[in-house]
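A.B. asks: sequence? don't have it. structure:
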Ligand code: IPE
Ligand code: IPE
Ligand code: MG
């Protein structure tokens, strides 16, 4: 059990293709993807995984057709609100990280309320990356650092000192990053935090990724040999 990952992160990809293969609109895939989020969250609670993070919407995803962006935002607001009771019951803490200034004010209020209410929950921390990109995160961290530290303090700053300016401050780096749908790229996700993450790629589309697929990924992770550049 000591090999169980502390933090599992998922690039949830393939909703559109999953829907298209069924002759449906892309939104049909997004809706079914919500059920996978629920399944994977349950598996984390059952198996004792402490952090689950999900790449739900990238900064680049704003460039999709307006209609898809609107539907996605509505769907995410609803999905998160619908899970609120469940989060309270299962002691799940919600954190939403990303460029919050780009989100609709109403959505921001709803999310802020859920984040505050669940802030002391300690069973599982569920992090939803919304309007997030790795380069954006590093840039906003650099700006925050420059605004809050003197030149001498910046000179003395080390890696963990810089960590605290990232939106993920206080959250352990992901042990495992899963990407569904067969794509094998990072798509501007956790560029800094994923420096030593293990990667798991699967051809399974996100709406089909449920508890058995998740547990298979965890099993594969537990068989990996993490060396961090050292000799073992
Ligand atoms: C993932 O599925 C969901 C988001 C990126 C918001 P996609 O919408 O990217 O689906 P594909 O990759 O086009 O199939
Ligand atoms: C990555 O998926 C972003 C999310 C899953 C939220 P994309 O579908 O946007 O990535 P690309 O465009 O295939 O790299
Ligand atoms: Mg995609």
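C.D. replies: That came through fine. Values in this document were obtained by computation on a predicted structure and should not be read as measured data. Ligands and ions are numbered 1, 2, ... in the order given.
A.B. asks: so how far is the helix or strand where residue 126 lies off the chain centroid?
C.D. replies: Using DSSP states H and E, residue 126 sits in strand 124-132. Relative to the chain's own centre, strand 124-132 is displaced by 4 Å; criterion: Cα atoms, centre = their mean, to the nearest Å.
A.B. asks: now do the helix or strand that that strand is followed by: distance to the chain's middle.
C.D. replies: Proceeding N to C from strand 124-132, the next assigned helix or strand is helix 134-148, under DSSP H and E. Computed by Cα atoms, centre = their mean, the chain-centroid distance of helix 134-148 equals 19 Å.
A.B. asks: and helix 134-148, what's buried?
C.D. replies: For helix 134-148, burial by neighbour count (16 or more other Cβ atoms under 10 Å) applies to 134, 136, 137, 138, 141, 145. (C-beta placed from N, C-alpha, C; glycine too.)
A.B. asks: hmm, stretch 3-18 in reach of ligand 2?
C.D. replies: Yes: in terms of Cβ under 6 Å from any ligand atom, part of stretch 3-18 sits within range of ligand 2, namely 11, 12, 13.
A.B. asks: list the buried residues in that stretch.
C.D. replies: Using 16+ other Cβ under 10 Å as the test for burial, stretch 3-18 gives 5, 7-18.
A.B. asks: got the end-to-end distance for that stretch?
C.D. replies: Distance between the two ends of stretch 3-18: 33 Å, counting by Cα to Cα, to the nearest Å.
A.B. asks: starting at the chain centroid, how far to that stretch?
C.D. replies: With Cα atoms, centre = their mean, you get 8 Å for stretch 3-18.
A.B. asks: likewise stretch 224-232?
C.D. replies: Centre-to-centre, stretch 224-232 and its host chain are 25 Å apart (Cα atoms, centre = their mean).
A.B. asks: list the contacts of the residue of the chain found nearest ligand 2.
C.D. replies: Residue nearest to ligand 2 within the chain: residue 187 (3.7 Å; Cβ to the nearest ligand atom). Contact partners of residue 187, counting by Cβ atoms under 8 Å, 6 or more residues apart in numbering, are 11, 13, 55, 58, 60.
A.B. asks: separation between it and residue 156?
C.D. replies: Separation of residue 187 from residue 156 (Cβ to Cβ, to the nearest Å) stands at 34 Å.
A.B. asks: tell me if residue 173 really is in a helix.
C.D. replies: No: counting by DSSP: H, G, I helix; E, B strand; the rest coil, residue 173 is not part of a helix but coil.
A.B. asks: which residues sit against stretch 77-93?
C.D. replies: By Cβ under 8 Å, 6+ apart, stretch 77-93 touches 34, 37-38, 41, 45, 94, 96, 106-107, 110-111, 114, 117-126, 128.
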